[in-house]
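>>> what shape does this take:
(one chain, ligands or ions: 1)
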Amino acid sequence: MDIFLKDIRKYYKERKILNIDKLTIEKKKITGIIGPNGAGKSTLINIIAGLDNNFLGQVEYNGKKLDNYLYKNITLVNQKPYLFKRSVYDNIAYPLKIRGFNKVDIKNKVEDMIRKFEIDDLKDKRAHKLSGGESQKVSLARALVFNPKLLLLDEPTSNIDPDSIKIMEREIMNFNKSSNSTVIIITHNMSQAKRMCNKLVYLSKGDVIEDDIF
Ligand SMILES: Nc1ncnc2c1ncn2[C@@H]1O[C@H](COP(=O)(O)OP(=O)(O)OP(=O)(O)O)[C@@H](O)[C@H]1O
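As a prediction, the model looks like this:
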């Protein structure tokens, strides 16, 4: 889906955090959002995810307002993911269970994710006992397993070792190509942005300074 933002204003108390007149995120592409600390990147991605309604302006998804169907097809992976106190396997299965997939499908899809992310050794571990980087990997696997139409990533590889970064970038790019889903990634890593993104949006003090750096 493509996303169109218009006249976005976000305040905390009197302080203006976001001030975006117009921004289009193109469908089927990977768009990177970059910019200094405090620029408003996480605030923006939370608004796009539908997790923050307290703002002025319009966000349209394929020309429509966010509804329940769209909301269920959007997922956000945070830098500090929240995982349930269950096994890694159960955590990855969860989005499929709540969407009513049958047991065989769930097993196949979860095992496929475990294979792709090379986390077989983690599958029976309780998720709250994982390291920060392991949690981020599991959280990305849990996001991709149900094939969202819009994947939002807030610094998904910030705690990750170089080998695991390769795996995560590969899986995000493969997912984007095979599903034609739209991906937005916040990153401070310019070489990662260049490796992965079709387009880059530069945010500074809540304003879009440039929206196509490449
Ligand atoms: N709940 C809140 N209450 C008040 N101010 C907030 C709140 N959340 C964020 N802010 C402020 O909004 C501004 C933008 O924060 P945001 O987290 O969106 O920045 P960011 O670009 O994602 O930064 P970083 O690169 O450090 O993650 C910051 O100045 C932050 O202090």
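>>> enumerate the residues of the chain near the ligand.
12, 17, 35, 37-43 (CB under 6 Å from any ligand atom). Every C-beta, even on glycine, is put in place using the N, C-alpha and C of the backbone.
>>> only the buried subset of these, as a PyMOL command please.
Buried residues within the residues of the chain next to the ligand, by 16 or more other CB atoms under 10 Å, are selected in PyMOL with:
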select buried, resi 17+35+39+40+41+42+43
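>>> for the residues of the chain next to the ligand, work out which two are farthest apart.
Largest separation among those by CB to CB: 12 and 35, giving 17.5 Å.
>>> just how off-centre is the helix or strand containing residue 96 within its chain?
Counting by DSSP states H and E, the element that carries residue 96 is helix 88-98. Computed by CA atoms, centre = their mean, to the nearest Å, the chain-centroid distance of helix 88-98 equals 17 Å.
>>> okay, the angle between the helix or strand just after that helix and helix 88-98?
Using DSSP H and E, the helix or strand that follows helix 88-98 in sequence is helix 103-116. Calculated by axes from the mean of the first three to the mean of the last three CA atoms, to 10 degrees, helix 103-116 forms an angle of 140 degrees with helix 88-98.
>>> can you give me the buried ones in helix 103-116?
Buried residues in helix 103-116 (16+ other CB under 10 Å): 106, 109-110, 113-114, 116.
>>> list the contacts of the lengthiest helix in the chain.
If you go by DSSP state H, the chain has its longest helix at helix 162-179. Defining contact as CB atoms under 8 Å, 6 or more residues apart in numbering, one finds that helix 162-179 is touched by 28-30, 116-118, 133, 136-137, 140-141, 144, 147, 151, 153, 156-157, 160, 181, 183, 185, 192, 195-196.
>>> with stretch 129-145 instead?
Stretch 129-145 has contacts (CB under 8 Å, 6+ apart) with 75-81, 83, 88, 91-96, 109-110, 113-114, 116-117, 119, 122, 127, 151, 153, 156-161, 164, 167-168, 171-172, 175.
>>> for residue 190, give me its contacts.
residue 34.
>>> also residue 41?
So residue 41 contacts 33-35, 154, 186, 203 (CB under 8 Å, 6+ apart).
>>> restricted to helices, list those residues.
Using DSSP H, none of the contacts of residue 41 sit in helices.
>>> that's all I had, so thanks and see you.
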